[in-house]
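*Asks:* Here is my input, please return the structure:
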Amino acid sequence: MGVRCDGRGQEPESHPDRDVNKAVKFSIVLSTHHTSFAALAFRGDLNANLSRIASYGYDGVELAVRDASLVNSTEIRRLVSSAGLEVSAVGTGQAWGEDRLSLVDDDWSVRKKAVERLFGHIDLAADLDAVLIIGLVRGVVRGTPSVAVRELLLDGLRSIAAKAAQSGVKIAIEPINRYETSLINTVSEGLDILGQLGARNVGLLIDTFHMNIEEPSIEKSIRQCSGRIFHFHVADSNRRYPGAGHLDFPSILRALAETDYGGYISGEFLPLPSPEEAAQRAIESLKAYVTEV
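*Replies:* Got it, this is the predicted structure:
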């Protein structure tokens with residue numbers, strides 16, 4: 001990832017700020033369509049938003065996609081490339097948020113539609129050379145998940161993992177805080193699912209906002225899943241941009257560097273005080289934290 005100075009904790013020989021920041025890759029979430037999900041800065045108007053994101057100094061975008069059939073991967077690749085960016089990941093949360101598709105729904109036809117929808121996302125991620133995120137589309141469960149629910153989840157994930165492996169796509173399952181679902185809240189629970197799946201193309205997306213709620217130590221939890229981190233979300237303790245709350249990001253990024261993570265640091269936070277200001281302050285803060293590390 002380059003949060004380390006030279007991979008051994010030593011200072012680089014020259015221009016430390018420039019060298020370290022160049023090695024780290026930053027992205028921010030951009031929804032391809034209007035969405036009710038609040039914790040993202042940009043949505044719709046791809047061309048204008050891509051130009052704006054690039055001008056702030058980001059290296060990539062994480063695309064939140066409701067349905068892959070609604071977008072043209074060739075056109076997206078062209079627009080992203082023209083802006084000098086990459087696609088870091090493809091998010092699937094809107095399949096749940098807008099359409100209530102879930103891998104553990106009581107209705108088998110809904111589960112079937114969820115898997116089919118995710119197959120489309122996998123094809124899109126393959127076309128864009130991006131990681132595929134599994135968030136709330138896995139299912140929103142209240143109370144302790146039953147054995148039956150966990151088996152439904154594993155069945156769905158096995159189908160998705162097999163399809164993704166054929167396409168060369170990595171899947172990142174995101175532990176999400178207890179107030180949104182009780183199905184995979186912590187890093188330990190995420191690692192347990194990975195162990196049951198036994199699929200090397202499936203890892204974790206870990207998010208500082210959710211970890212702040214669920215993990216006794218963010219840094220310890222990051223180190224715990226060394227080698228299985230496929231994507232990394234940042235938001236501060238109040239879900240605003242990094243630097244707007246009380247999280248110790250230099251310490252967090254130092255722990256992430258110790259895992260040899262090589263992917264993107266991706267911003268998913270509330271668009272406050274405005275989308276533009278939040279995005280700009282986030283990248284400024286993150287580059288400063290990386291330099292400090």
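
*Asks:* going forward, measure contacts and count neighbours with C-alpha atoms only.
*Replies:* OK.

*Asks:* where do the helices sit along the stretch 101-250 of the chain?
*Replies:* Assigned by DSSP state H, counting those that start in this stretch, the helices in the stretch 101-250 of the chain fall at 108-128, 147-167, 187-197, 208-214, 218-224, 249-258.

*Asks:* same for the third one, what does it pack against?
*Replies:* It stands for helix 187-197. helix 147-167, strand 202-207, helix 218-224 (3 or more C-alpha pairs under 8 Å, 6 or more residues apart in numbering; DSSP states H and E).

*Asks:* Mean pLDDT and mean neighbour count added to the helices of the stretch 101-250 of the chain, as CSV?
*Replies:* Converted to CSV, those look like this (pLDDT from 0 to 100; neighbours: other C-alpha atoms under 10 Å):
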stretch, mean pLDDT, mean neighbour count
helix 108-128, 98, 20
helix 147-167, 98, 17
helix 187-197, 98, 17
helix 208-214, 98, 21
helix 218-224, 98, 19
helix 249-258, 97, 20
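
*Asks:* Between those, which one is closest to His33.
*Replies:* Comparing the helices of the stretch 101-250 of the chain against His33 with C-alpha to C-alpha, the closest turns out to be helix 108-128 (14.8 Å).

*Asks:* In TSV, list the helices and strands packed on helix 187-197 along with distance to Arg66.
*Replies:* As requested, the helices and strands packed on helix 187-197 are exported to TSV (distance: least, C-alpha to C-alpha, whole Å):
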stretch	distance to Arg66
helix 147-167	17
strand 202-207	19
helix 218-224	29
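
*Asks:* Just give me the neighbour total for Ser274.
*Replies:* Applying other C-alpha atoms under 10 Å, we find 11 residues neighbouring Ser274.

*Asks:* How much space separates it from Leu247?
*Replies:* The gap separating Ser274 from Leu247 is 21 Å, by C-alpha to C-alpha, to the nearest Å.

*Asks:* give the contact list for the residue nearest to Ala114 when sequence neighbours are not counted.
*Replies:* Closest residue to Ala114 apart from its sequence neighbours, by C-alpha to C-alpha, 6 or more residues apart in numbering: Leu101 at 5.1 Å. Contact partners of Leu101, counting by C-alpha atoms under 8 Å, 6 or more residues apart in numbering, are Ala95, Val110, Arg111, Lys113, Ala114, Val137, Gly139.
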